[in-house]
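# sequence and computational prediction follow.
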Amino acid sequence: MKPTSPVFCRALPLVAVLAACASQGCAPLTPNYAYQGFGAADPHRDRQIAEKIENTATVPSSKEVVVMLDTLPAGLKTSHSGIAVDDGWHHEVLGKIQISPNRHVGFSTLLGFPEYEHGAHKALCYPQTVLTWGTLTLWAFVSPSAYPCYGATGLEETAIIDRLRTAGGAAGGNLVVASLLRLPGDSKVYGANGIILRADPRLGGAGPTQVHPPAPGDAPPSTEL
């Protein structure tokens, strides 16, 4: 049996690390946002709010926004059309937000110029997109330098909650009632749907004693766009 090349042996650990990194999604990408306000349709307003969510620096009030996952605060209830405000409460429902991971995942990241969260990835990966095109995608599979450019396939829960909080502030709300899309055995989050509200002042910060989960048998809030 022919002995293995020493050069190959030294390179194997690096290739293994890069491959493992690629399989987990080394390059965090800016998520996709879709916002739709309630009431009269206003696409221009909706686009402006979505742009604010992407640029968190423009939403200074987002730290005050409360995010509640699969829980309804006092004064809200489920209904056939989503959620409804109980009689005697003055919650204002502003709109709904959908957050999903960037559509560029895996090697397909190198087929375009997606918005990486870190500028260093742009410097490393954008030139390789041209090489990927020029080699009919072969570069994306055989070059170790391409593996760190593979897009992440999910989002961290803390990051997506921060984005929900930012969405609430961008829309002028102070409460977001949301659900996260997860896969069994996976700590990543693959999407979020939420309803943004300006809560009744009596809610007082949505503390634990002022919330209640949906009643057994109730459908979760409908937040599909």
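Okay, I see it.
# I195: what's it in contact with?
By Cβ atoms under 8 Å, 6 or more residues apart in numbering, the contact set of I195 is 82-83, 93, 95-97, 176-178, 221, 223. Backbone N, C-alpha and C define where each C-beta goes, glycine included.
# my bad, T109
27, 29, 125, 149-151.
# for the chain, what spans make up the helices?
6-24, 43-54, 119-134, 138-142, 157-170 (DSSP state H).
# out of these, deepest packed?
helix 157-170 (a mean of 22; mean count of other Cβ atoms under 10 Å).
# related to what we said a few turns ago, strands - which of the contacts of I195 land there?
82-83, 93, 95-97, 176-178 (DSSP state E).
# ok, so of those residues, who is nearest Y190?
Nearest to Y190 among the ones in strands among the contacts of I195 is A178, at 13.7 Å by Cβ to Cβ.
# report the beta-bridge partners for that closest one.
L69, G194 (DSSP bridges).
# also V189?
The partner list for V189 in beta bridges (DSSP bridges) reads L155, R182.
# circling back to that earlier point, lowest-confidence entry in the ones in strands among the contacts of I195?
Note: of the ones in strands among the contacts of I195, the lowest pLDDT belongs to G82, at 76.
# on that earlier part again, which one, of the helices of the chain, ends up nearest to Y35?
With Cβ to Cβ, the closest approach to Y35 among these belongs to helix 43-54: 4.7 Å.
# what sits up against that closest one?
30, 33-37, 58-59, 95, 97, 163, 166-167, 170-171.
# next one: stretch 30-40
For stretch 30-40, the external contacting residues (Cβ under 8 Å, 6+ apart) are 45-46, 49-50, 53-54, 93-103, 114-117, 155, 160, 163, 167, 170-171, 225.
# got the end-to-end distance for it?
With Cα to Cα, to the nearest Å as the measure, stretch 30-40 spans 29 Å from end to end.
# repeat for stretch 70-80
Taking Cα to Cα, the first and last residues of stretch 70-80 lie 17 Å apart.
# same question, stretch 126-145
12 Å.
# equivalent analysis for stretch 50-62, please.
14 Å.
# out of the contacts of I195, which is most surrounded?
Within those, V177 tops the neighbour count with 31 neighbours, counted by other Cβ atoms under 10 Å.
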